[in-house]
Structure formats: structure tokens, C-alpha cells
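**Q** generate a structure from the sequence data that follows.
(one chain, ligands or ions: 1)
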Amino acid sequence: MVDTHTHLHFHQFDLDREDILRSFEKDGISFVINVGVNLEDSKRALELAEKFENVFVAVGVHPHDSKDAPEDLEKKLREFAFSERVVAVGETGLDFYRNLSPREIQVEIFERHLSIAQELNLPVIVHVREAYKEAHEILKKFPGMRGVVHSFSANYTWARKFLDLGFHLGVGGPITYPKNEELRDVVRKVGLDFLLLETDCPFLPPQPFRGKRNEPRYLKFVLEEVSKLTGFPPVVVDEVTTENAKRLFGKVSR
Ligand SMILES: [Zn+2]
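**A** Take a look at the predicted model:
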């Protein structure tokens, strides 16, 4: 399996980070995309990727942090992209649920991430919460852009619109939550094409571990649910979603 969205450099993993990374093989994880949420944090995310060969990295400023994005954002992202370990720009996007940064600043910083991703020919990892319409409007202005709407949380109509733009959908722990029939409906209808598995660890653990810290090894609960919903055996879900991840994060050399 490929865990396409982790934050393994976060403090929640300070006590056992290396143990987790060293048990990837045992846990069936071939590699992870470790995601930064601001530039300082992206640097820490990258340091981890430079130490462990099955960790790749996305660099960017989360919509929550966009009010603190530096003037020279583009320059900083270009510098990061010199590293072979950097395979995506993000996470970036719009969060109109928590609104931790003003909406107009979120929009501006999102568009600047998309421009730089285009220039660097990298895919984008997009965070969207209660802003699917606005995010779709913006992505439409960047034809040919590749990426993933991570932790997708809207209905099938919206899923289709993002797939039609050539985007992938990331699904994680929430697909196992009893009340989340909407997301299960999306996966039933979408199938495996353009689907990616992710944990978003330390957040969003699958149902059996709710309230606890999430980890890459719990990705198998997501895989099992996707298998049930699509009717494909777990081994096929693994194979197809792994290929999807390799195709999207093309610099990943395996
Ligand atoms: Zn995240």
C-alpha cells in the first residue's frame, strides 16, 4: 500500500517515529507521501524524507496557515523542489469550515501554489473543506493540472467534477465511519480509477481506533472498506491504488 498523506514529522510521533518507519515493510506500506503544512514544517517533512528512502514529501502552506505565508513563497517552494525527494506541492487549498485564515487570502495563496506547481511540473495535494464550489472554480483556471483532492468529503456529483478535471480523490479513515454513507456512495460509484488511499495520520483514524493517534499501519482498514464497496479483492485494490499513486507522484522512483 501507499499512504499518500501522512504527517509523520509531527510531534505526535516524537517518541516512536523511527519504529513506525522501520516497520513499513511488515505493515505492508511500500512508501508514504509526507505532507508539510507551512514552510518551516515542510522543511521538517523533507528532513525525514532525506533520512528514509520510503518517505517522499509534499511542500506547501495549508489554508489554515495561509495568512502567514511569506512574500517570497514562490522562491522558497522552488528551492525545495531542487530536492529529488519532493514529489508534490501542498498541502494547499481552501478551508471555509474553520476559516483560520481570511477567505480572500486562502484564495490568493491557493492560486499561487497552483501557479508554482505548474511551473515546476509537480502535482498538487489539495485540502478542501466546505469550499468545493470555490476550489473547483479555481482549479478550472489551471487546465492540465494534476493532483489529488485529499480526504475527499463531498458527494458523488462533486467527485465527478473533480475527476473530470483529471484529479484523483484521496480516501482515508472517514470511509469507515458509520455515518459516512455519502463517502461510501462516492467510492461505490467511482471505483478504483483515480482513487488514492491515505491516513492523514496522526489525524482521522479508522473506526476501531477513533480517539487515538492514526498511523500508516491502519491504512489496511481503509483498503478493506474500499474492497467491500467496490467488490474488488484487497490485493487488487492495493495494486490499482499503488499504481495510481506512482503515476501521480511520477518522480517516485520505484
Ligand atoms: Zn493533512
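**Q** sketch out the low-pLDDT regions of the stretch 1-150 of the chain for me.
**A** Nowhere does the stretch 1-150 of the chain drop to pLDDT under 70.
**Q** for it, which segments count as helices?
**A** Using DSSP state H, counting those that start in this stretch, the helices found in the stretch 1-150 of the chain span residues 17-22, 24-27, 39-51, 73-81, 103-120, 132-140.
**Q** list the contacts for Asp68?
**A** By CB atoms under 8 Å, 6 or more residues apart in numbering, Asp68 lies in contact with Asn38, Val61, Ser101. C-betas here are computed from N, CA, C, even on glycine.
**Q** from those, which is closest to Gly231?
**A** Sorting these by how near they are to Gly231, with CB to CB, puts Val61 at the top with 39.4 Å.
**Q** redo the helices of the stretch 1-150 of the chain as JSON lines? Include mean neighbour count and distance to Asn155.
**A** Listed next are the helices of the stretch 1-150 of the chain as JSON lines, based on neighbours: other CB atoms under 10 Å; distance: least, CB to CB, whole Å:
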{"stretch": "helix 17-22", "mean neighbour count": "14", "distance to Asn155": "34"}
{"stretch": "helix 24-27", "mean neighbour count": "13", "distance to Asn155": "32"}
{"stretch": "helix 39-51", "mean neighbour count": "18", "distance to Asn155": "31"}
{"stretch": "helix 73-81", "mean neighbour count": "17", "distance to Asn155": "32"}
{"stretch": "helix 103-120", "mean neighbour count": "19", "distance to Asn155": "22"}
{"stretch": "helix 132-140", "mean neighbour count": "18", "distance to Asn155": "9"}
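**Q** reformat these as CSV; add distance to Thr157.
**A** Compiled in CSV, these are given as follows (distance: least, CB to CB, whole Å):
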stretch, distance to Thr157
helix 17-22, 37
helix 24-27, 35
helix 39-51, 33
helix 73-81, 33
helix 103-120, 22
helix 132-140, 9
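**Q** neighbours of Glu84, how many?
**A** By the measure other CB atoms under 10 Å, the count of residues near Glu84 is 11.
**Q** what's the spacing between the residue with the largest distance to the centre of the chain and Val61?
**A** In the chain, the greatest distance from the average C-alpha position (CA atoms, centre = their mean) is reached by Glu71, at 24.9 Å. Here Glu71 is placed at a distance of 12 Å from Val61 (CB to CB, to the nearest Å).
**Q** coming back round to it: for ChimeraX, what selects the buried ones among the contacts of Asp68?
**A** Selection of the buried residues among the contacts of Asp68 in ChimeraX, burial being defined by 16 or more other CB atoms under 10 Å:
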select :38,61,101
